[in-house]
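A.B. asks: Dropping the sequence and predicted coords here.
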Amino acid sequence: MEKIYRIIANTNLDFKDKRHLLCLEAENSLPYVEISQQAQTYLKEGTICDLFEGNAPYRPRYILPDFLLFMKQGSEYLNISPPKNLFEAINALLIIYRFVPSITSYPVYLGQIEELLEPFLSTVSPKEAENLLRFFLINIDRTLPDAFVHMNIGPADTKVSRLILSLEKELKHSIPNLSLKYSPETPDDLALQAIDTALVTGKPYFVNHQELVNDLGKDYAIASCYNTLLIGGGSHTLVRLNLKKVAEKSNDYSDFINHKLPEATSLLVEIINARAKFIVEKAKFFETSFLAKEGLINLSKFTSMAGFFGLYEAVKQLTDLNMGKDGEAEKYALDITSHARDLMDSYTGLYCEGYCNKIGFHAQSGIDTDIGVTAGVRIKYGEEPLLYEQVNLEGKLHPYFNAGISDIYTFDPTAKENPAGLLKIIKTAMKKGIRIFALTTTDSEFVRVTGYLVKKTDIEKYHRGELLREDTVKLGADSIRNNETLKRRVFGKS
Amino acid sequence: MQGCNLSCIYCHNPETQKECCLCGICLETCPAKALLITDNKIIYLKDLCQFCDKCLQVCPYFSSPKYFRITAWELSNYILKYNEFLNGITFSGGECTLQTPFIIEVSKQVKNNSPLTIFLDTNGYVHQSGWELICNHVDGLMVDLKAFNSKTHHYITGVDNSLILENIKYASRQGLLYEVRTVILKGINDSQEEINNISNFIKELNNYTLFKLIPFRPYGVKHPLKDTVYPDKNHFEKLFQMAKTVLGEGVKKPLDISL
Ligand code: SF4
Ligand code: SF4
């Protein structure tokens, strides 16, 4: 009760923050979903972390509705008929976005946007189309103030993608997060426009379309921060394993590989499956959601996600080698990653039909409270080697991760003079197996924290104690302080 | 590349002009004890360096303790490691053409093993036969033209510009003149006539060469010029627009003009 009062009386939170925390408190007044004593210990000591999802989950963490189907059939629940022009299409989307649950209560996926809007483009004049899309983006930024809200474009060249890119450059919003599915069929001048926008706003990310289609089929999308999931599906939960802590428990490398890692992954699976089971069987989400009833999501396309992080520290702890510096470290990094993937694949993921009954393998890119542990399988900030060495190593690691992985490459502002050079680097990175490439410059107004964007000016406001619309600013500001985000190696600087 | 054959009053990298004569002055100034002289060589310990650049500021001989020797073979191997990430490489300096045989060697090795292009950033003050040799081995040139008026040129660089103008024309005929660059100095080469002359000169050469106008900045400059105010934004913009009326889209300026 005391805790609830403290939330209600806290002047650093506004109404929506309080509502969100109060919901979490209500949920957490129930016992944790049923798991073994050992699993509880792992959770308590932080070796496994459920990202504060709550004790009794009642909706999937990430939901990617099939918006294309929504455009075709409308929605009975929302009382919306299939849109006939761009006005109606945008209105329909803005309405349904408010009804897509997630862990943050904001929709983490806004759709493959050109696929949804391009068919209606001819219903208005070009000038009107531009104005409507501007108003669409402004509305999203203001009403869904959460940087995990994610829009997809590409790989094909469309008027809508081009408009989105130029409007994003003009508006300079941190929301929505934006991904460009990039493939050899993406024309260079579209890619260059995307680079031009990214140099100002830190987005879009470049997504290796070919690799992901090979892994997931063509109906995949990027949601939240770098999660690759199926459209019409999503992920029940994301629970992550701190490899650094597992390494600290191990006597030596072979103890880690043969005993501690298998033990940790079995507990990880246990927790994940218990959570998914609760959502489906106890909370009966799929029986109550209009999204499921109207076919916009389907349990058969869902999975759960296991996140891995702290590989850098695990390698260091077990072998005293530094990833990115010592050539031999690569062997261990790959060995640990492939073992972890094999271990995960040896289990059945409950309600993970979308991923052939396996739990999605994800490189978790960190949260605000992480101190002294590196995101996913990245190289520690500030310790990155030269670009080509980093891409070579990470290009070998990325293919293991079917549910999302990325890295952020920070360039000197002089890179702006040479966008063609950046495109060459991105193309090569994709060839080397990099799945998601985020680029930014040191002088950008935005900082890309683990996987989302925060405006530098908003961080200053947060530190001054101002109340802000965007919930991710707080996460970002704390994360930057704790993870030494600003120490990232800058490329193009001697 | 270390070493230059001109000594322009506005030089932005004066520490690249001459070779180190081992006077030892910078050793005293270095707060990190990152510099030492042994066996008649200056040694720079990068791991200790705090990048304060004090050594560059105090060197009275327009040199630096930080440059190092590298063989053509080592350099081309280093470049080739990056091959897939690059479209090409650019030599600059100092004045890179002072080491033409080295450049040619690297250029041959790089071109034999990759599709990379080779560009040079040069002052164009090279004897005709040397210039022709260079032109046979590179894919493009960025040439400084410090002034069109020969007296002004002499004032800025200490030499006459006729050789440079000839070399520019030659490079243009070879299809190699990617860009001509001029740094704008207040009260020295910033007249409308001067910029007009350069623009027209380029226009008559060909239809592909870019003209880049760069406002003077005092960073790194050792000459008393560093204390002068730099050209004001409006005047620079006026010159830029004027060049544009002659050359159209073929005129460029640095992206981050903060005067
Ligand atoms: S920049 Fe020069 S003076 Fe400064 S620490 Fe490095 S070597 Fe020493
Ligand atoms: S770099 Fe300059 S100051 Fe230092 S020893 Fe050489 S000549 Fe002297």
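C.D. replies: In hand now; what should we look at? Keep in mind it's a predicted model, so treat the numbers as computed, not measured. Ligands and ions are numbered 1, 2, ... in the order given.

A.B. asks: Could you list the residues of the stretch 301-450 of chain A in contact with chain B?
C.D. replies: A:387-388, A:391, A:413, A:416-417, A:420-421, A:424-425, A:428, A:431-432 (CB under 8 Å from any CB of the partner chain). Yep, even glycine has a C-beta here, placed from its N, CA and C like the rest.

A.B. asks: quick one: B:His235 and B:Gly187 touch, right?
C.D. replies: No - look at B:His235 against B:Gly187 with CB atoms under 8 Å: they stay out of range, at 10.5 Å.

A.B. asks: Quick check: ChimeraX command selecting the buried ones in the residues of the stretch 301-450 of chain A next to chain B.
C.D. replies: The following ChimeraX line selects those of these that are buried, judged by 16 or more other CB atoms under 10 Å in any protein chain shown:
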select /A:387,388,391,413,416,421,424,425,428,432
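
A.B. asks: Would you reformat the residues of the stretch 301-450 of chain A next to chain B as JSON lines and include pLDDT and distance to ligand 2?
C.D. replies: Shown next, in JSON lines, are those (pLDDT from 0 to 100; distance: CB to the nearest ligand atom, whole Å):
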{"residue": "A:Leu387", "pLDDT": "83", "distance to ligand 2": "30"}
{"residue": "A:Tyr388", "pLDDT": "82", "distance to ligand 2": "31"}
{"residue": "A:Val391", "pLDDT": "90", "distance to ligand 2": "36"}
{"residue": "A:Pro413", "pLDDT": "82", "distance to ligand 2": "29"}
{"residue": "A:Lys416", "pLDDT": "84", "distance to ligand 2": "33"}
{"residue": "A:Glu417", "pLDDT": "83", "distance to ligand 2": "30"}
{"residue": "A:Ala420", "pLDDT": "90", "distance to ligand 2": "37"}
{"residue": "A:Gly421", "pLDDT": "90", "distance to ligand 2": "32"}
{"residue": "A:Lys424", "pLDDT": "92", "distance to ligand 2": "36"}
{"residue": "A:Ile425", "pLDDT": "92", "distance to ligand 2": "34"}
{"residue": "A:Thr428", "pLDDT": "93", "distance to ligand 2": "38"}
{"residue": "A:Lys431", "pLDDT": "93", "distance to ligand 2": "43"}
{"residue": "A:Lys432", "pLDDT": "92", "distance to ligand 2": "40"}
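
A.B. asks: For chain B, give me its nearest residue in the stretch 151-300 of chain A.
C.D. replies: A:Leu199 (9.8 Å; CB to the nearest CB).

A.B. asks: Could you confirm that residue falls within a helix?
C.D. replies: Yes - counting by DSSP: H, G, I helix; E, B strand; the rest coil, A:Leu199 is found in a helix.

A.B. asks: so how many other residues sit close to it?
C.D. replies: 21 (other CB atoms under 10 Å in any protein chain shown).

A.B. asks: That one and A:Leu243: what is the separation?
C.D. replies: A:Leu199 sits at a distance of 34 Å from A:Leu243 (criterion: CB to CB, to the nearest Å).

A.B. asks: For B:Arg181, name its beta-bridge partners.
C.D. replies: Taking DSSP bridges as the rule, B:Arg181 bridges to B:Asp144, B:Lys212.

A.B. asks: in terms of contact, does it touch B:Ile214 like I think?
C.D. replies: Yes - the pair B:Arg181 and B:Ile214 passes the contact test of CB under 8 Å, sitting 6.2 Å apart.

A.B. asks: just to revisit the earlier point, distance to B:Glu19 and secondary structure added to the residues of the stretch 301-450 of chain A next to chain B, as a markdown table?
C.D. replies: Formatted as a markdown table, these follow (distance: CB to CB, whole Å; DSSP: H, G, I helix; E, B strand; the rest coil):
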| residue | distance to B:Glu19 | secondary structure |
| --- | --- | --- |
| A:Leu387 | 31 | helix |
| A:Tyr388 | 31 | helix |
| A:Val391 | 37 | helix |
| A:Pro413 | 32 | helix |
| A:Lys416 | 34 | helix |
| A:Glu417 | 30 | helix |
| A:Ala420 | 36 | helix |
| A:Gly421 | 32 | helix |
| A:Lys424 | 35 | helix |
| A:Ile425 | 35 | helix |
| A:Thr428 | 37 | helix |
| A:Lys431 | 42 | helix |
| A:Lys432 | 40 | coil |
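
A.B. asks: Relative to its centre, which residue of chain A is most distant?
C.D. replies: No residue in chain A sits farther from the centre than A:Ser125, which is 35.1 Å out by CA atoms, centre = their mean.

A.B. asks: List the residues that contact that residue.
C.D. replies: Residues near A:Ser125 by CB atoms under 8 Å, 6 or more residues apart in numbering or on different chains: none.

A.B. asks: what's the answer for B:Leu98, then?
C.D. replies: B:Met1, B:Gly3, B:Cys4, B:Asn5.

A.B. asks: ok, the second one to B:Thr97 distance?
C.D. replies: Think B:Gly3. Counting by CB to CB, the gap from B:Gly3 to B:Thr97 is 10 Å.

A.B. asks: ok, those two, which is more surrounded?
C.D. replies: Of the pair B:Gly3 and B:Thr97, B:Thr97 is the one with more neighbours under other CB under 10 Å, namely 25 against 17.

A.B. asks: Please report phi then psi for that one.
C.D. replies: Note on B:Thr97: its backbone torsions stand at phi -70, psi -10 [degrees, to the nearest 10].

A.B. asks: Might one say that it is in contact with B:Leu120?
C.D. replies: Yes - the pair B:Thr97 / B:Leu120 is scored as a contact, 6.9 Å apart, by CB under 8 Å.

A.B. asks: Please read off the pLDDT at B:Asp256 from the model.
C.D. replies: Note on B:Asp256: pLDDT of 60.

A.B. asks: shared neighbours, B:Thr97 and B:Leu120?
C.D. replies: Joint contacts of B:Thr97 and B:Leu120 (CB under 8 Å, 6+ apart) are B:Ile103, B:Ile134.

A.B. asks: Can you confirm whether the helix or strand hosting B:Lys108 lies near chain A?
C.D. replies: Assigned by DSSP states H and E, B:Lys108 belongs to helix B:100-113. No - counting by CB under 8 Å from any CB, no contacts exist between helix B:100-113 and chain A, the nearest distance being 15.5 Å.
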